[in-house]
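S.K.: got a sequence here, can you model it:
(chains A and B)
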Amino acid sequence: DGGITQSPKYLFRKEGQNVTLSCEQNLNHDAMYWYRQDPGQGLRLIYYSQIVNDFQKGDIAEGYSVSREKKESFPLTVTSAQKNPTAFYLCASSLDSNYGYTFGSGTRLTVV
Amino acid sequence: GEDVEQSLFLSVREGDSSVINCTYTDSSSTYLYWYKQEPGAGLQLLTYIFSNMDMKQDQRLTVRLNKKDKHLSLRIADTQTGDSAIYFCAETLNGSGNTGKLIFGQGTTLQVKP
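M.R.: Now for the predicted structure:
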């Protein structure tokens, strides 16, 4: 079955450490997106990529980095420069804006 | 700038109808969407409406679009406890460099009381 997979579901990180969140899709979608969700704030766009080997900053890119070496994969690294990394992170992909996004099930990151 | 606004909370009794409202700003949006998020999960596409339509019905869901007022609504008939979730409105963002991007509202938490 086609879909988009985020791993792990829960992640704990010590302050000062970098951590990478995985996002893989087998939907043959060109575009992929990373969002951060905090209670009461909806979704905020971190980075997006519309094609392999290219990506753009979203509204809150500071303290994050991404890569898009393969069409299927769009990993997000939360660096130690991100001041408040504890949040729920959602990855999405789309074939075309007219079809909306398909979302993964999310990764909850907690800094301890 | 682009913005999508929703009220944050709605509480209804089981069996009643729920109406969730949304206003958006980009008049060139081609599609508008409603997503549902259950606790601890990702977002699930519920329904969408093309901008040249003013209403779309899909079983218990009715979407109404008022382009003049840039207002979108989602009506859920015979609301059940399983409908308790956060509902997000989203619009496509058009224009140079924005192809394919969706802008989401803050989400409306729907609480269904038995």
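S.K.: would you agree B:Leu10 is in contact with B:Ser17?
M.R.: No - counting by CB atoms under 8 Å, B:Leu10 does not reach B:Ser17; the two are 11.1 Å apart. No exception for glycine: its C-beta is placed from N, CA and C like everyone else's.
S.K.: neighbour count for the two, which is higher?
M.R.: Using other CB atoms under 10 Å in any protein chain shown as the criterion, B:Leu10 and B:Ser17 rank with B:Leu10 on top: 17 against 12.
S.K.: partners of the more buried one in the sheet?
M.R.: B:Leu110 (DSSP bridges).
S.K.: show me which positions of stretch A:11-25 end up buried.
M.R.: For stretch A:11-25, a neighbour-count test (16 or more other CB atoms under 10 Å in any protein chain shown) marks A:11, A:13, A:19, A:21, A:23-25 as buried.
S.K.: so how far is that stretch off the chain centroid?
M.R.: Relative to the centre of its chain, stretch A:11-25 is centred 10 Å away, using CA atoms, centre = their mean, to the nearest Å.
S.K.: ends of that stretch, what's the gap?
M.R.: Length of stretch A:11-25, first residue to last, CA to CA, to the nearest Å: 20 Å.
S.K.: got the contact list for it?
M.R.: A:2-8, A:32, A:34, A:72-80, A:85, A:89, A:91, A:93, A:102, A:104, A:107-112 (CB atoms under 8 Å, 6 or more residues apart in numbering or on different chains).
S.K.: quick one: buried ones out of those?
M.R.: Buried among the contacts of stretch A:11-25 by 16+ other CB under 10 Å: A:4, A:6, A:32, A:34, A:72, A:74-76, A:78, A:85, A:89, A:91, A:93, A:102, A:104, A:107, A:109, A:111.
S.K.: pretty sure A:Pro85 contacts A:Val111?
M.R.: Yes - using CB under 8 Å, A:Pro85 is in contact with A:Val111, at 5.3 Å.
S.K.: could you export the buried residues of stretch A:11-25 as JSON lines, including pLDDT and secondary structure?
M.R.: JSON lines is the format used below for these (pLDDT from 0 to 100; DSSP: H, G, I helix; E, B strand; the rest coil):
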{"residue": "A:Leu11", "pLDDT": "95", "secondary structure": "strand"}
{"residue": "A:Arg13", "pLDDT": "91", "secondary structure": "strand"}
{"residue": "A:Val19", "pLDDT": "95", "secondary structure": "strand"}
{"residue": "A:Leu21", "pLDDT": "97", "secondary structure": "strand"}
{"residue": "A:Cys23", "pLDDT": "98", "secondary structure": "strand"}
{"residue": "A:Glu24", "pLDDT": "98", "secondary structure": "strand"}
{"residue": "A:Gln25", "pLDDT": "97", "secondary structure": "strand"}
